[in-house]
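> Sharing a sequence plus its predicted fold:
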Amino acid sequence: MAFDLVFFGGTGDLVWRKLMPALFQAFRHGTLPEGGRIIGVARDPMTDAQYRTLIQSRFAQVEGSKRPNDEEFSRFAALLHYERVDLSNPADYAQLGARLAERETTSVVMYLATAPSLFKTVCEQLAAAQLNTPKTRIVLEKPLGHDLQSNRAINASVRSVFAEHQVFRIDHYLGKPSVQNLFAMRFGNALFEPLWRREHIANIQITIAEELGVEKRGAFYENTGALRDMVQNHALQLLCALAMEPPINSHADAIRDEKLKVLRALKPWTTETLGQHVVRGQYSAGNVNGQAVPGYREEVGVNPNSHTETFVALRTEIANWRWAGVPFYIRTGKRLASREAHIEINFRPTPHAIFQSPAGAVNKLIIHLQPKDGLELHLFAQGQNTRSKDGSPAGQTLSPVHLDLDFDKRFGSERVGAYERLLLDVLAGRLNLFVRSDEQEEAWRWVEPVMQHWAHDTQGPRLYTAGTWGPSASSAMIARDGFCWSEEI
Ligand code: BG6
């Protein structure tokens, strides 16, 4: 399967930080199809040899065992090529076309690792140079737009050049092994399905917490914020995976049809829910892992009076038979107390208690997504078979216990990373883990009222100290329903 993989933005951050290391891992493990070329495309003049040297110098920053040794890199480097392209110059695309025509390939992948504002130009130029052939696939990195309108505009210009089955919209969360396991847990096992509904589940909490701040991306983040950066895509994709109906088969459209139905069933916002069910926060200076860190407004590229949110907590419901009335909480933020992503499914209490249980105790399933990858099922059992001090049988009081399944231990922590998985899927033409345009538009439609509400709210985000779990309003929001976030138990 000879392929050409063209990276627009070939010298950019994403290429050397994520894409090249991912391709190298596939190459090292023999899963990258043979006969491929990886062609970096950017504006600077450079030879193939110079590009290889550049990528090699970047690899020096890759962590430990993932870094190639010299011998490995020289074999990998044979796949690397470079083409100078000014993205608005038709002659440069013709030149790229000539390079692609040098040999027979079964697929040509155009990976747009550039600013989304360039997607339209690139698509038009590819079409003008007749580089939109049936064997072409196009990969689009997020953010795909800034709101519904800009997202639609991008999708429309891509659609005018490529058919939907040629378009691979990346949400790297879908490539994480832990997220694929979520699908496997739900649709590869019959055990949970009867319980997976409003009759048995009291609430579901999705947490994606980061320790990092905005790093060097202050200027980008100023115009993005946590709602656009994490909720509109990653968090809603997780919510879809949790709430969707079982698809009729494992084909991409069967899966995407079901995810779309969830997005369409998300309860529309009202003035009341916008006021009570959404919390936006922004970190102020604090301590993360024992290190003093600056507040968001002190970060490079950030407006000292910025209202951009670095934290969002929200509550929603899914208006359908399976989920009506069950609150889904989403929480994500930067500079939080620890880096972890997990989903907590809280079941309803027993209908009639004959034992004494610890206060607030319910069965729960915790799906750990990162850094740990596994499942924890929280149950209750009779503790030690001894008598308590007052002489009553200890067995009447239950103790919490849990079954703990660690996928890293079971399958090895060297599992295929998100970008590696997604790149291999693009090369194989598998669309299952990519987002369809209608899903994306529906997600934008749902977050848009929140963005508009904030635009008119002069109070701005609530400050939280870096290294904590966000503003206290987030705890208050969930407490109003009689629940709490996992770390508050
Ligand atoms: C990206 C966001 O999509 O996801 C970043 O733009 C964020 O701001 C990142 O840090 C989180 O990804 P991960 O895989 O580290 O959880």
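Looks like it came in fine.
> pLDDT below threshold where in the chain?
384-395, 413-414, 489 (pLDDT under 70).
> List of residues touching the longest helix seen in it?
The longest helix of the chain (DSSP state H) is helix 437-455. Helix 437-455 is contacted from outside by 144-145, 147-148, 151-152, 155, 158-159, 164, 167, 169, 227-228, 231-233, 236, 240, 256, 259-260, 263-264, 266, 268-269, 274, 278, 280, 307, 309, 314, using C-beta atoms under 8 Å, 6 or more residues apart in numbering. In this view, the C-beta of every residue, glycine as well, is placed from N, C-alpha and C.
> which residues does Val312 contact?
Taking C-beta under 8 Å, 6+ apart as the test, what Val312 contacts is Ala226, Leu227, Met230, Val231, Val278, Val279, Arg280, Gly281, Ile330, Arg331, Thr332, Gly333.
> Asp4 now?
Gly36, Arg37, Ile39, Leu100, Thr105, Ser107, Val108, Val109.
> same thing with Tyr329?
Asn203, Ile204, Gln205, Ile206, Ala313, Leu314, Arg315, Met477, Ile478, Phe483, Trp485.
> tell me which residues form a beta bridge with it?
When assigned by DSSP bridges, Tyr329 has beta-bridge partners Gln205, Arg315.
> what about the helices in the stretch 51-200 of the chain?
70-77, 90-100, 119-128, 148-159, 177-187 (DSSP state H, counting those that start in this stretch).
> Let's have the ones you listed in a markdown table, adding mean neighbour count and distance to Ala337.
Converted to a markdown table, these look like this (neighbours: other C-beta atoms under 10 Å; distance: least, C-beta to C-beta, whole Å):
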| stretch | mean neighbour count | distance to Ala337 |
| --- | --- | --- |
| helix 70-77 | 14 | 38 |
| helix 90-100 | 16 | 47 |
| helix 119-128 | 19 | 37 |
| helix 148-159 | 17 | 33 |
| helix 177-187 | 19 | 20 |
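> Redo those as CSV? Include distance to Pro349.
Below are these laid out as CSV (distance: least, C-beta to C-beta, whole Å):
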stretch, distance to Pro349
helix 70-77, 55
helix 90-100, 62
helix 119-128, 50
helix 148-159, 40
helix 177-187, 23
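> Which strand residues bridge Val167?
Ile138.
> Between the two ends of stretch 40-51, what distance do you get?
Counting by C-alpha to C-alpha, to the nearest Å, you get 8 Å between the two ends of stretch 40-51.
> Now do the buried residues in that stretch.
Buried residues in stretch 40-51, counting neighbours by 16 or more other C-beta atoms under 10 Å, are found at Gly40, Val41, Ala42, Met46, Tyr51.
> The first one: what secondary structure?
With DSSP: H, G, I helix; E, B strand; the rest coil as the basis, Gly40 sits in strand.
> what does Asp404 give?
strand.
> gap between it and Thr310?
32 Å (C-beta to C-beta, to the nearest Å).
> Compare those two and say which one has the larger neighbour count.
Thr310 (31 against 14; other C-beta atoms under 10 Å).
> Nearest spatial neighbour of the more buried one, chain-adjacent residues omitted?
For Thr310, ignoring the flanking residues on the chain, the nearest one in space by C-beta to C-beta, 6 or more residues apart in numbering is Lys334 at 4.6 Å.
> how many neighbours does the one you found have?
24.
> That one and Glu63: what is the separation?
21 Å.
> would Phe7 count as being in a strand?
Yes - with three-state DSSP as the criterion, Phe7 is part of a strand.
> Across the sheet, point out what pairs with it.
Bridge pairing for Phe7 - DSSP bridges - gives Gly40, Tyr111.
> and it, what does it touch?
Val15, Leu19, Ile38, Ile39, Gly40, Val41, Tyr111, Ala113.
> Swap in 10 Å and give it another go.
Applying C-beta atoms under 10 Å, 6 or more residues apart in numbering, we find Phe7 in contact with 14-16, 19-20, 23, 38-42, 80, 82, 109-114, 139.
> now do Arg197
Contacts of Arg197 (C-beta under 10 Å, 6+ apart): Trp321, Arg322, Trp323, Ala324, Val326.
> go with 6 Å
Contacts for Arg197 were tallied using C-beta atoms under 6 Å, 6 or more residues apart in numbering; they are Arg322.
> Pull up the gap between it and Trp323, please.
7 Å.
> From the chain's centroid, how far away is the longest helix of the chain?
Mean C-alpha position of helix 437-455 versus that of the full chain (C-alpha atoms, centre = their mean, to the nearest Å) differs by 17 Å.
> Could you list the buried residues of it?
437-451, 453-454.
> Now do stretch 30-49: distance from first to last residue.
24 Å.
> Also stretch 132-149?
Stretch 132-149 end-to-end distance (C-alpha to C-alpha) = 25 Å.
> can you list contacts of it?
107-113, 126, 151, 154, 161-162, 166-170, 233, 426, 444-445, 448.
> now do stretch 409-428
Under C-beta under 6 Å, 6+ apart, the answer for stretch 409-428 is 3, 18, 22, 25-26, 33, 109, 137, 139, 168, 172, 175-177, 433.
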